[in-house]
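K.L.:
Next one to model:
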Amino acid sequence: MQPSLGFAGIGLMGLPIARRLLAAGHPLRVWNRSPEKCTALVDAGAATVTSAALLCDETELVMLCLADTAAVRQVIFGPGGIVERARPGQLLVDFSSLDPEATRQMAAELESRTGMRWVDAPVSGGTPGAEAGTLTIMAGGRREDIERVRPVLMQVGQRLTRMGEVGAGQVTKVCNQMLVACNALVIAEAVALAERSGVDAGALAQALAGGFADSRPLQILAPQMAERRFEPIKWHVRTLLKDLDTAVGLAHQQGSAIPMSGLAAQLMRLHGSQGHLEHDPATLVELFSEERS
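P.N.:
Below you'll find the model as predicted:
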């Protein structure tokens, strides 16, 4: 029988991840601050609980896929939180993208108070990857803990790489998001420049496919930007901004310079301040389009 799982955070990424785990035969208990978001999973056979703490009952692994560090801290240590019923032998697997140092601190506190250990396992691949089970997973934690969860995580991912101890997965995700965010911004610049120059921007992705400029973000974002096709929303500007801010903070802690990502954070913040925080990053093209000139 598949290991029993608890899952908190039924959002853009959490829902398709949880669906795949349920389809793989895992007994699944789910909780979300907005209970109605669990309906599709309940219809597919999941059980709902009334608090995050109750996810720990009758489960081996408790998984989180939440918005940010504050949300994870609240779900674990707040009233009705996981810390109230966690026990030794259980593992917490966190798919969220968080501050690495906060992850280390929370992991140490959770283990000291309950014996529950932590694997940070942020993912890359977006909602299409979550739906297809092709996510890239970068993990931090004890080697034996990561090997224990590997069979489960490979039901939602195509690759799982241990990057080091707890927090190392989050550092790797910061690097991932630096590359993604800077790429998204330069794709927006390129699409806008092509349009201004009388070139069919809708053909850019196809024209550059297979060359050194090619990337998955180019193939996904450039057509959307050229068509001004911003829905359905697959990810959020606010998420990229949060991760860029984490990158800037981490670089400051390490005494490193990240000027490209620092500029990307400023541009992302400008775009968000214009009402786009909850919009798809394809809307970044509007920063550079003719309509704004």
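K.L.:
Okay, and Val62 sits in which element?
P.N.:
Secondary structure here is read from DSSP states H and E; on that basis Val62 sits in strand 61-64.
K.L.:
neighbouring contacts of the helix or strand following that strand?
P.N.:
Beyond strand 61-64 on the C-terminal side, the first helix or strand identified by DSSP H and E is helix 69-77. The contact list for helix 69-77, computed with C-beta atoms under 8 Å, 6 or more residues apart in numbering, reads 8-9, 52, 64, 66, 81-83, 92, 94, 96, 98-99, 102-103, 106, 109-110. C-beta: built from backbone N, CA, C; applies to glycine.
K.L.:
Can I get the strand holding Val62 as CSV, trimmed to CA atoms?
P.N.:
Output in CSV follows, covering the C-alpha atoms of strand 61-64 (Å, rounded to 0.1, in the frame of the first residue of the first chain):
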residue,chain,number,x,y,z
LEU,A,61,4.3,12.3,5.4
VAL,A,62,2.8,15.8,5.6
MET,A,63,3.3,18.0,2.6
LEU,A,64,3.0,21.7,2.2
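K.L.:
Show the secondary-structure elements that it is packed against.
P.N.:
Using 3 or more C-beta pairs under 8 Å, 6 or more residues apart in numbering; DSSP states H and E as the contact definition, the elements that strand 61-64 packs against are strand 5-8, helix 69-77, strand 91-94.
K.L.:
Let me know which of the ones you listed is the nearest to Met225.
P.N.:
Closest of these to Met225 is helix 69-77, at 29.7 Å (criterion: C-beta to C-beta).
K.L.:
Tell me the buried residues within the contacts of helix 69-77.
P.N.:
Buried residues within the contacts of helix 69-77, defined by neighbour count using 16 or more other C-beta atoms under 10 Å: 8-9, 52, 64, 66, 81-83, 92, 94, 96, 98-99, 102-103, 106, 110.
K.L.:
Need the helices and strands packed on strand 61-64 in a markdown table (columns: distance to Leu263).
P.N.:
Output for the helices and strands packed on strand 61-64, formatted as a markdown table (distance: least, C-beta to C-beta, whole Å):
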| stretch | distance to Leu263 |
| --- | --- |
| strand 5-8 | 35 |
| helix 69-77 | 24 |
| strand 91-94 | 29 |
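K.L.:
of all these, which lies closest to Gly272?
P.N.:
helix 69-77 (17.5 Å).
K.L.:
buried ones in that closest one?
P.N.:
For helix 69-77, using 16+ other C-beta under 10 Å, the buried residues are 69, 71-73, 75-76.
K.L.:
before we move on, the earlier item: distance from the chain centre to the strand holding Val62, please.
P.N.:
In terms of C-alpha atoms, centre = their mean, to the nearest Å, the centre of strand 61-64 is set 15 Å apart from its chain centre.
K.L.:
ok, and what's touching that strand?
P.N.:
For strand 61-64, with C-beta under 8 Å, 6+ apart as the criterion, the contacting residues are 3-9, 17, 21, 55-56, 72, 75-76, 82, 86, 90-96, 116, 149, 152.
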